[in-house]
Each structure stands twice: as C-alpha cells, then as structure tokens.
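# One predicted model, sequence on top.
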Protein chains: 2
Amino acid sequence: MSNSLSNKDVEFLTALYYKENMNNTNRVIVSRRDRPAKDPLSRELIVRTAYELLKEQGLAGMSMRKVAKALDTGPSSLYVYVNNLEELNSYVLDSGLGELVLPDSGEGSWKDRLFGALNSYFLLLIENPGLAEISFSTIPRGDKYMELIEYILAALHEGGVSPKSAAWGVDLLLLYVTSIAFEKHTWRKNGTMQPLDIKETFKNADPIRFPFIRSLNEQMFSEGTELQERFRWGLEATLQGIQLNNK
Amino acid sequence: MSNSLSNKDVEFLTALYYKENMNNTNRVIVSRRDRPAKDPLSRELIVRTAYELLKEQGLAGMSMRKVAKALDTGPSSLYVYVNNLEELNSYVLDSGLGELVLPDSGEGSWKDRLFGALNSYFLLLIENPGLAEISFSTIPRGDKYMELIEYILAALHEGGVSPKSAAWGVDLLLLYVTSIAFEKHTWRKNGTMQPLDIKETFKNADPIRFPFIRSLNEQMFSEGTELQERFRWGLEATLQGIQLNNK
DNA sequence: TATCATTAACGAACAGTGTTCTTAAAGAAC
DNA sequence: GTTCTTTAAGAACACTGTTCGTTAATGATA
C-alpha cells in the first residue's frame, strides 16, 4: 500500500490551510509579482494551447482542465474568454482549418480545384485526427470554414451545377470527407474490438445467411495506399451524383 | 448557504458507519430475502433497460450509473455482463436495429427495396436520435447490422453494381443516412449557437468575401417536409454515383 | 445434513469531467 | 488616495467510467 497522501487528503489539507488563513489578518498571499511573469490569458492563447494539446493527445487530451493546467491556471479562468467547451471546440476547429491551403483560383480545371481543396481538407483531418473528432461533435462556425464552403460552391458553380444542387452538394461532399477521415481514426484507436476482429467477424460470417458479405470481404477492407484510391472513388462518385441530379 | 450535508459529508459518514460495523459482531446486514424480489441481472435485461433510457433521454441519459440506478443496483454490477460502456453501446445499437423492418425481397424493384431499407433505417434514427449518436461513436457489430449490410449488397448486386463498387458503396450509403440523421439531431438540440444563429451568420455573410453563400442561403437550410426531399435527393445522387463508377 | 467453493451483487473509492460561485488581486479612473 | 472594474483563481458541485474488495446466496460435495 502506498504511504503517500491520497488526492482526498491533499484536498482536505489544502482546504484546512486555506480556511486557517482566512481570518482576515495574516493572510498568506503570494504576490503575482513574485512569480515568474506569465503571458496574460486571452482567447487566442487559450485556443492555441488547446490546439497544441489536441495535436499531441487527441480530443481526450483537450479538456478544459488540461488546457488550464497547460496554461498554469485554474479551469475557471478560461470561462472569461470562452463560454464553454463546445465553443472552445469550435474555435479550435477553425484554428486548425487555418492550416488549410486551397488551390489558387484559376489554377487547373474547376474539378481539379474542387478535388484539390477537398483532398487537402482530408489530409489535414488525417494528420490531425482530433480535428476530425471535433468536426463531428461541433457545428463548424468561423471564417475559415465559410471560406472552404465558399470555395466549393464557386467550383461547383463553374462546373455548371445548379444553385440548389450546389447547396446540397457541399454538404454531401464535406460530410463524405469528414466521415472517411473520422472512420479511419475510429478504426485505428483500439477499442474493445479491433479492426482485425471486425475483419474476422466478416470473414467468418455464416455463408448461408450472409453470402454477399462472405464473398466481398476482400473488398470491404482497404488500407494503406488503398485508402487514397477509395477516397478518390467516393469523391468521384459523389460529384457525379451531384452533377446528374441537377435540379 | 445551504445547511444540508454535502455529498462529501454523506460519503464520509457512510464510510464511517460502514467501518464501525465491520467489527465482526453486531453487523447490520439486511438480508436480500427481506427485500422485494428482483429480476436477476442479465445482459439482455441490462441492454433492454439501457435502450429504454436511450429512447427517453438520449445518449446522455444512458450512462452506466443511470442504467444501474434504473435496475436498482450499483454500477459495478453491470460489469459482470458487459465489459465497458463502449460494448454496452454496441449491444444497444444492435438491439435498436432489431426494430428495423426490411422490405420483403422480391417486392418491387431492387431500387425500391434498396431505398425502402435505407429509408426505414433513416426513420429509425430520426425517431430515436440516441441511436444515431451511438452509431457515430461505436463500430457497429452484431447480427442486425450485418443483415442490413447483406440486404444492401444483395440489392446493389441485383442492380448490376460490381462487387468492389458494391462493397465501397454500402459504406457510402450507410454513412450518408447516418450522417443526415445525426446532423438533424445535432441541430435540434440547442448548443451555444442555435440553428437560427447559424442561419443568421450565413444570411449576414459579407457579400464581397462570400458571394455564393450569400446568394444560396435559401437553399442551404431545409426543414420539415423538405428534409425528406433532400434526403431522397442525396440518396439518388449517391446511388447514381456508385452506378457510374463501376470498377 | 453440514461444509465448502463459487459467483453474483454491490458499496466504496479513484481519478477524472464541465461548470459555477465567490473571493482576491491588479489596474484604471476619478 | 479612494473607488470601480476586470482578470484570475480556488473551492465546490454534480456528474462520469471503472476497479477493488467484501459480502450473501447458491450449488456441489463429503
């Protein structure tokens, strides 16, 4: 058994200490001047710190408390600059989108530009799976995301897609990209059942009840370089669907 | 200031009480025989209870502790039948999928059956948004889900879609259905920024930087009966894309 | 029938979470 | 020099999933 103090002990003792020194006189307060200078808090600093944590440890590593600790402060301090976690998430998402480089307009065909934009969005999410996680639990808001939407709308317009189909199409395309990136991430992190186990389940599926699953299970799982091919295929399919359903 | 005991007080006192009565003699133990008879726990009972909570209160209302409380037991009791929350989620998801009714094979064209199946999956997720939530955080495993996949694969096969395209296409179609259902749910529950606020953001977008967003914002938001139309459109588009990219 | 081994059940505790309330310090304005 | 306002931060609240260890009841064995 450990001989050190438990969390609760420490909590109790610090509380006691705090209370002891509350009797107005003799308060023990360390002036902030005596401590090393700290950058003053700001939303920008908070978001930047959170984004760094996200990149290093994923969404789970980016709690309010962990961000606060990284900034060497208490969790409540953050609430001056950010209303809640949901909001911080959306700021971080937009901050991440800042790293997105869209092809210069006028470069290549509209389709090249469209796929270029979506591909660089895809790569960003793959490189930084935390962003993919966030984008599923957060309604994206912010300039960078709007720029991406605007860019796609413009490309689709150039491609002769009608306004309504374009409006619904952006959604479809972005949904697709985010989902594939997120799916890849979910499968990578080891839950109760690993991808391999799933593979086994499909491979060993009862051939009487599930003949198609049995015969297709080679095609169902793609990895490595195949992912790019599959991603491209879905993009192509989705785009063609949009173009054909012009209304 | 409240005069009642805090959680921590109660914790402390009960712990004390517990320890006091540990001295072998004079133990205060309520025989289980004296309590009203309780159904014995089982995975099935746990999953059923969890699913009920999910339907009533969504994913947030389906924690291990809440399920345990609903079963009038402690949280640890559940771990005999279920390894962790993730696993419970996947059981609940499959349990929900049990309510899915797929069109009889041989009824209508392959496309009718395909869309019929996807539509009833969609309706199930809309009626029970908790399921949509789960399906995003959980790799679906279980017989019911495999039946759905098998059904779709069979329909696509009948429609002349190649094996590879079919395998990738199921994914695309299911991803689409889940995403739309989930999106609708996310927008409904009021976060920091309501759908209306988002609408405003788009409506008031700078017409110089975002001309397309400005001119298309009517089309970007659909609700009510329009949702069905939009859902159908996306389905049609996705399917056509799959068919055209036969490889 | 009495003893033993097994197991389901479950309370307590641990280590976390987001958020709020309150108070203290610092800086600005008068 | 005194007020007012903003920023910071500690403590507390009400949760979360999961683990550990101890009971109480059950079924099998002697």
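Okay, I see it.
# and the helix ranked longest in chain A, does that touch chain B?
Secondary structure of chain A per DSSP state H: the longest helix is helix A:163-188. Yes: using C-beta under 8 Å from any C-beta of the partner chain, helix A:163-188 reaches chain B at A:163-164, A:166-169, A:172, A:175-176, A:179-180, A:183, A:186-187. In short, each C-beta sits where N, CA and C put it, glycine included.
# Now the two most distant members of those residues.
A:163 and A:187 (36.8 Å; C-beta to C-beta).
# Packing partners of the longest helix of chain A?
Helices and strands touching helix A:163-188, as assessed by 3 or more C-beta pairs under 8 Å, 6 or more residues apart in numbering or on different chains; DSSP states H and E, comprise helix A:110-127, helix A:129-137, helix A:143-158, helix A:225-244, helix B:163-188, helix B:211-220, helix B:225-244.
# Least confident of the ones you listed, on average?
Mean pLDDT across the helices and strands packed on helix A:163-188 is lowest at helix B:211-220; the value there is a mean of 82.
# Identify all contacting residues around that helix.
A:146, A:149-150, A:153-154, A:157, A:163-164, A:166-168, B:199, B:202-203, B:205-207 (C-beta atoms under 8 Å, 6 or more residues apart in numbering or on different chains).
# Make a ChimeraX selection of the buried ones in the residues you listed.
Command for ChimeraX that selects the buried part of these, burial taken from 16 or more other C-beta atoms under 10 Å in any protein chain shown:
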select /A:146,149,150,153,154,157,163,164,166,167,168 /B:202,205
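# give me the subset of the contacts of helix B:211-220 touching DNA strand D.
Taking C-beta under 7 Å from any atom of the strand as the test, DNA strand D is in contact with none of those.
# In terms of residue numbering, what are the domains of chain A?
Domain segmentation of chain A under automatic domain parsing yields A:7-82, A:110-244.
# Determine which of these approaches DNA strand C most closely.
For DNA strand C, the closest of these is domain A:7-82, at 2.8 Å, according to C-beta to the nearest atom of the strand.
# Rounded mean pLDDT for that closest one, please.
Computed over domain A:7-82, the average pLDDT equals 67.
# nearest residue to the residue most central in space within chain A other than its sequence neighbours?
With distances taken as C-alpha atoms, centre = their mean, the residue of chain A nearest its centroid is residue A:131 (1.7 Å). Distance criterion C-beta to C-beta, 6 or more residues apart in numbering or on different chains; nearest residue to residue A:131, sequence neighbours excluded, is residue A:96 at 4.6 Å.
# Roughly how far does the one you found sit from residue A:121?
Going from residue A:96 to residue A:121 by C-beta to C-beta, to the nearest Å gives 10 Å.
# returning to that earlier point: which of the helices and strands packed on helix A:163-188 sits closest to residue A:52?
Using C-beta to C-beta, these put helix A:129-137 closest to residue A:52, at 10.6 Å.
# what helices or strands is that closest one leaning on?
helix A:43-57, helix A:85-97, helix A:110-127, helix A:163-188.
# Quick check: which of the domains of chain A is buried the most?
domain A:110-244 (a mean of 18; mean count of other C-beta atoms under 10 Å in any protein chain shown).
# Okay, now it: how far is its last residue from its first?
For domain A:110-244, the first-to-last residue distance is 17 Å (C-alpha to C-alpha, to the nearest Å).
# ok, residue A:144 - contacts?
A:94, A:97-98, A:100.
# coming back round to it: in JSON lines: the helices and strands packed on helix A:129-137, plus distance to residue B:238.
Formatted as JSON lines, the helices and strands packed on helix A:129-137 follow (distance: least, C-beta to C-beta, whole Å):
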{"stretch": "helix A:43-57", "distance to residue B:238": "31"}
{"stretch": "helix A:85-97", "distance to residue B:238": "26"}
{"stretch": "helix A:110-127", "distance to residue B:238": "16"}
{"stretch": "helix A:163-188", "distance to residue B:238": "8"}
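# Dump those helices to TSV, plus distance to DNA strand C.
Putting the helices and strands packed on helix A:129-137 into TSV (distance: least, C-beta to the nearest atom of the strand, whole Å) gives the following:
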stretch	distance to DNA strand C
helix A:43-57	10
helix A:85-97	4
helix A:110-127	21
helix A:163-188	19
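# quick one: which of those helices is nearest residue A:235?
Here helix A:110-127 is closest among those (C-beta to C-beta), at 6.2 Å.
# Show me what the closest one is packed against.
helix A:129-137, helix A:143-158, helix A:163-188, helix A:225-244.
# Pull the residues that contact that helix.
Counting by C-beta under 8 Å, 6+ apart, A:96-97, A:99-103, A:105, A:107-108, A:131-132, A:135, A:148, A:151-152, A:155-156, A:158-159, A:173-174, A:177-178, A:180-182, A:184-185, A:231-232, A:235, A:239 sit against helix A:110-127.
# ok, back up a step: make JSON lines from the contacts of residue A:144 and add distance to DNA strand D to it.
Shown next, in JSON lines, are the contacts of residue A:144 (distance: C-beta to the nearest atom of the strand, whole Å):
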{"residue": "A:94", "distance to DNA strand D": "21"}
{"residue": "A:97", "distance to DNA strand D": "26"}
{"residue": "A:98", "distance to DNA strand D": "23"}
{"residue": "A:100", "distance to DNA strand D": "30"}
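# quick one: which of the residues you listed is nearest to chain B?
residue A:94 (12.5 Å; C-beta to the nearest C-beta).
# Need the pLDDT of that closest one.
92.
# Name the nearest residue to it, ignoring sequence neighbours.
Nearest to residue A:94 is residue A:142, by C-beta to C-beta, 6+ apart, at 3.1 Å.
# Contact partners for that neighbour?
A:90-91, A:93-94, A:97 are the contacts of residue A:142 under C-beta under 8 Å, 6+ apart.
# got the contact list for the closest residue in space to residue A:146 that isn't next to it in sequence?
Nearest residue to residue A:146, sequence neighbours excluded (C-beta to C-beta, 6+ apart): residue B:210, at 5.9 Å. Counting by C-beta under 8 Å, 6+ apart, residue B:210 makes contact with A:146-147, A:150.
# any idea how far residue B:210 lies from residue A:177?
Distance from residue B:210 to residue A:177, by C-beta to C-beta: 20 Å.
# now swap in residue A:135 and tell me
Counting by C-beta to C-beta, the gap from residue A:135 to residue A:177 is 9 Å.
# Please apply the same query to residue A:54.
19 Å.
# Could you do residue A:165 as well?
Taking C-beta to C-beta, one finds residue A:165 at 18 Å from residue A:177.
# Also residue A:95?
19 Å.
# and what of residue A:201?
In terms of C-beta to C-beta, residue A:201 sits 27 Å off from residue A:177.
# for residue A:86, same thing?
For residue A:86 relative to residue A:177 (C-beta to C-beta), the value is 22 Å.
# Next: residue A:92.
Distance from residue A:92 to residue A:177, by C-beta to C-beta: 19 Å.
# Please apply the same query to residue A:97.
Counting by C-beta to C-beta, the gap from residue A:97 to residue A:177 is 12 Å.
# How about residue A:158?
Counting by C-beta to C-beta - residue A:158 and residue A:177 are separated by 20 Å.
# Also residue A:202?
Distance from residue A:202 to residue A:177, by C-beta to C-beta: 25 Å.
# How about residue A:146?
Relative to residue A:177, residue A:146 is positioned 16 Å away (criterion: C-beta to C-beta).
# And for residue A:215?
In terms of C-beta to C-beta, residue A:215 sits 30 Å off from residue A:177.
# re earlier: residues contacting the residue nearest to the centre of chain A?
Per C-beta under 8 Å, 6+ apart, neighbours of residue A:131: A:54, A:93, A:96-97, A:124-125.
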